[in-house]
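S.K.: Below are the sequence and a predicted model; questions follow.
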Amino acid sequence: MSSWKKAAKANQKTHKERHQPNSRRHLGLLEKKKDYKRRADDYHEKGETLKLLRKRTLDKNPDEFYFHMINSRVKGGVHHELKKEEEDSPAQLKLMQTQDIRYINMKRTMESRRIDRLQSELHMTDVADSTPNTHIFFVDEGEEKDFDVAKRLDTHPKLLGRKSNRPRLSDLDKIKIPLIDSETSKAMIGSRKKKYKEMAKRIEREKELMVIQQKMEIKRHLQSINQIKPKRIKKGTKHSAPVYEFQYVRKK
């Protein structure tokens, strides 16, 4: 019987759905069965999802807690993940993953020695002169009005703001100062500024290497502990290593 039904349908005319009449073309496309089927499936799928969510809500434990509750927020009807501050910078990650702690210690020692060498060459006189003088002179009562600081220090009044390289008037006659043209003076100032910039960069580099070394040492200590895990007091950042409190264990 089933084979007869298949044979009977073989010569039947294929049913075709009509198109939208010209008089109703302004209403848009005429919905076909495939369009209805797609819309119906979407409606039923959303209904099943709502039914499942309603069931989960009814079965939910009010005392349940998971960390995503405090790591996300809903703002303006839109769900957002809270952005956490990265503990390591890309450069720090690259060094910690590819290099050994002895290499980091060696590079940090090299940077420290170069900083000491630059400081010995520059003497940091510009930094010293930028801070105000706080020297106190004690005078007798009634001598405050006639007190002259330049006369007391035996120097020129224009040199009072200096903390270093402040010669006395009695020594100026003995010192022979060579004449320096403007181009040489500008070159000397430019070279000094360049050295200050290099020293500032090396100080930042040395600090970054120190943080990397501390992080790697803490990680190595944490991996060597087999019994009681330490308590983390402070989370690590790009500029500081994490702080852990290790439990005291008495040794026999």
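M.R.: That came through fine. Numbering: from 1, shown residues only.
S.K.: Where do the domain boundaries of this structure fall?
M.R.: 32-59, 90-245 (automatic domain parsing).
S.K.: what about the longest one, how long is it end to end?
M.R.: Taking CA to CA, to the nearest Å, the span from the opening residue of domain 90-245 to its closing residue is 27 Å.
S.K.: Distance from that domain to the middle of the chain?
M.R.: 24 Å (CA atoms, centre = their mean, to the nearest Å).
S.K.: rewinding a little: lowest average confidence across the domains of the chain, which one?
M.R.: Mean pLDDT is lowest for domain 90-245 out of the domains of the chain, coming in at a mean of 77.
S.K.: returning to that earlier point: between the domains of the chain, which gets nearest to residue 80?
M.R.: With distances scored as CB to CB, the stretch of those nearest to residue 80 is domain 32-59 (20.3 Å). C-betas here are computed from N, CA, C, even on glycine.
S.K.: my read: residue 210 touches residue 108, true?
M.R.: Yes: using CB atoms under 8 Å, residue 210 is in contact with residue 108, at 6.1 Å.
S.K.: List the residues that contact residue 32.
M.R.: Residues near residue 32 by CB atoms under 8 Å, 6 or more residues apart in numbering: residue 17.
S.K.: Let me know which of the domains of the chain is tucked in deepest.
M.R.: Of all the domains of the chain, domain 90-245 carries the top mean neighbour count, a mean of 12, counting by mean count of other CB atoms under 10 Å.
S.K.: In JSON lines: the domains of the chain, plus distance to residue 5.
M.R.: As requested, the domains of the chain are exported to JSON lines (distance: least, CB to CB, whole Å):
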{"stretch": "domain 32-59", "distance to residue 5": "22"}
{"stretch": "domain 90-245", "distance to residue 5": "70"}
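S.K.: Of all these, which one is nearest residue 18?
M.R.: Using CB to CB, the nearest of those to residue 18 is domain 32-59, at 9.5 Å.
S.K.: what distance separates that closest one from the centre of its chain?
M.R.: The gap between where domain 32-59 is centred and where its chain is centred comes out at 45 Å by CA atoms, centre = their mean.
S.K.: repeat for stretch 19-30
M.R.: 60 Å.
S.K.: hang on, the earlier thing: just tell me which of the domains of the chain ends up closest to residue 67.
M.R.: That would be domain 90-245 among these, by CB to CB, at 14.7 Å.
S.K.: Now do the helices in this structure.
M.R.: Assigned helices in the chain, in chain order: 2-10, 33-59, 90-98, 101-122, 125-130, 149-153, 169-172, 182-224 (criterion: DSSP state H).
S.K.: Tabulate those helices (TSV), appending distance to residue 251.
M.R.: TSV is the format used below for the helices of the chain (distance: least, CB to CB, whole Å):
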stretch	distance to residue 251
helix 2-10	87
helix 33-59	52
helix 90-98	31
helix 101-122	25
helix 125-130	48
helix 149-153	62
helix 169-172	65
helix 182-224	15
